[in-house]
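*Asks:* Could you look at this predicted model? Sequence included:
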Amino acid sequence: MNDAPLGGLSPTTFLRRHWHKSPLLVAQAVPDFLGLLTPPEIRKLATHPDVQARLVIRSGKSWQLHHGPFRPVDFKSLPDKNWTVLVQDLNHWLPEASQLLNRFSFIPDARLDDLMVSYAVPGGGVGPHFDSYDVFLLQGFGLRRWAIAETRDLELRTDCDLKILRRFKPQQEWELSAGDMLYLPPQWAHDGMALTECFTYSVGFRAPTRQEWVNAFLDHLRDHLLVEGRYADPDLKWQPDPAELSHPLLQQIGHILQTIRWTDQDILSCVGRYLSEPKPHVFFTPPTAPLTEAAFRKALGRTSLHLDRCSRLLYRGRHFFMNGEEWQAPAAHCPFWKTLANQHVTPPHKADMALSSALHGFYLAGWIHLASSEQGDHPLKRNLLPRKKLV
Ligand code: SIN
Ligand code: CO
């Protein structure tokens, strides 16, 4: 992976020394990087109803958090200092953002959350806090000072909506300029304050809690487990207190529950579906004038096919998972699906009927696109598309 933004470190060395363990500052991680957005563009994104945006305003020691979508006028009334606007999932909106994420493919897709962007005026930031995520903070245009600390004192202030640490004693500080990057493992306290007008691009990698996994797996079992038989009590004994739950009743139910079994395939299905499930606010745009299946199959032989920027395609062996759906591919189709999963694009391909029919279904849902067709119909996507290549 020669374009991994790790300075002189190989991904293997980074993973061994730093990943999930200790911070790393990389000067000029992405040389000549000036960012992907301009201030008017991020303001425009933040006014869109489908975009997850936040505005954080600081006044002395007090912080205000506002959730988008915003109105253009909301930005007009802001002061010159001490605020920041943050937009999640930039990779869903901007092709350059997905390209930037490709540089982080030395971390498996299963761990990726999103690319968030923040724009701040001098003094702006979200205050001292910690994240439960591994995060790469890539500086775009402008200067930001990052202060970090390894601490067990993670108590939060209760007087504001933002998760701000009650106490924060910086142990290390750096000034980051365009192209510099700071990697932080989860739970490290950090505070990034804009020194000038600036952008920060945060690549976040999620690690669901154990409780989330257990909940997801219990959901999976509820939907897939088939248990036969019924509670039976031919030996029922008379009991003087009819409202009391008897020991034999509880014991029998305990035995029923002890018969619950699952296989490695259940674990794979649960994990694949869970990790590929789109976030609740994600929408796909089906093609406005879709090709028939026959025309689609012909087109596949001539043009490349792209994964939609919002689609998540994961696999193990012949089991594939896209946007929460699961299927088992015939061995002959696996190289095709794996290329689409790993590269997010496949070259023109003479697909057989079964493959083109599966692909046509995903195409109609807006999960994949032919190169010749526009990706998504969103007016904002269209406005942002024709940009010069920055990464
Ligand atoms: C920011 O970009 O202001 C915040 C990013 C972070 O601290 O995770
Ligand atoms: Co953070």
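*Replies:* Received it, and whenever you're ready, just let me know what you need. Ligands and ions are numbered 1, 2, ... in the order given.

*Asks:* C-alpha only now, for contacts and for neighbours.
*Replies:* Noted.

*Asks:* So which bits of the protein are right by ligand 1?
*Replies:* S118, G125, V126, G192, T200 (CA under 6 Å from any ligand atom).

*Asks:* which residues does the nearest residue to S62 once chain neighbours are set aside contact?
*Replies:* Of all residues not flanking S62 in the chain, C160 sits nearest, at 7.4 Å (CA to CA, 6 or more residues apart in numbering). Counting by CA atoms under 8 Å, 6 or more residues apart in numbering, C160 touches S62, W63, Q64.

*Asks:* Make CSV from those and add neighbour count, secondary structure and pLDDT to it.
*Replies:* Converted to CSV, the contacts of C160 look like this (neighbours: other CA atoms under 10 Å; DSSP: H, G, I helix; E, B strand; the rest coil; pLDDT from 0 to 100):
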residue, neighbour count, secondary structure, pLDDT
S62, 10, strand, 93
W63, 19, strand, 95
Q64, 14, strand, 95
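
*Asks:* which one of the residues you listed sits closest to Q28?
*Replies:* Proximity of the contacts of C160 to Q28 (CA to CA) peaks at W63, which lies at 31.9 Å.

*Asks:* ok, that closest one - contacts?
*Replies:* V56, I57, C160, D161, L162.

*Asks:* neighbours of the residue nearest to the first one when sequence neighbours are not counted, just the number please.
*Replies:* Here the nearest residue to V56 in space, its sequence neighbours aside, is L65; by CA to CA, 6+ apart that works out to 4.7 Å. L65: 16 surrounding residues under other CA atoms under 10 Å.

*Asks:* Repeat that for the one 4 residues further on.
*Replies:* By the other CA under 10 Å criterion, the neighbourhood of P69 contains 18 residues.

*Asks:* Would you check that it makes contact with L55?
*Replies:* No: using CA atoms under 8 Å as the test, P69 is too far from L55 to be in contact (9.8 Å).

*Asks:* circling back to that earlier point, derive a ChimeraX selection command for the buried subset of the contacts of W63.
*Replies:* To isolate in ChimeraX the members of the contacts of W63 that are buried, counting by 16 or more other CA atoms under 10 Å, one can use:
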select :56,57,162
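
*Asks:* Would you indicate which residues of stretch 345-358 are buried?
*Replies:* Neighbour-count burial for stretch 345-358 flags V345, T346, P347, P348, H349, A351, L355, S356, S357 (criterion: 16+ other CA under 10 Å).

*Asks:* Among the residues you listed, name the ones in helices.
*Replies:* Residues of these located in helices (DSSP state H): L355, S356, S357.

*Asks:* hang on, the earlier thing: would the residue nearest to S62 count as being in a strand?
*Replies:* No: C160 is assigned coil when assessed by DSSP: H, G, I helix; E, B strand; the rest coil, not a strand.

*Asks:* Number of residues surrounding C270?
*Replies:* Neighbours of C270 using other CA under 10 Å come to 20.

*Asks:* Spit out the contact partners of it.
*Replies:* By CA under 8 Å, 6+ apart, C270 lies in contact with A216, F217, H220.

*Asks:* I'm done for today, thanks for sticking with me.
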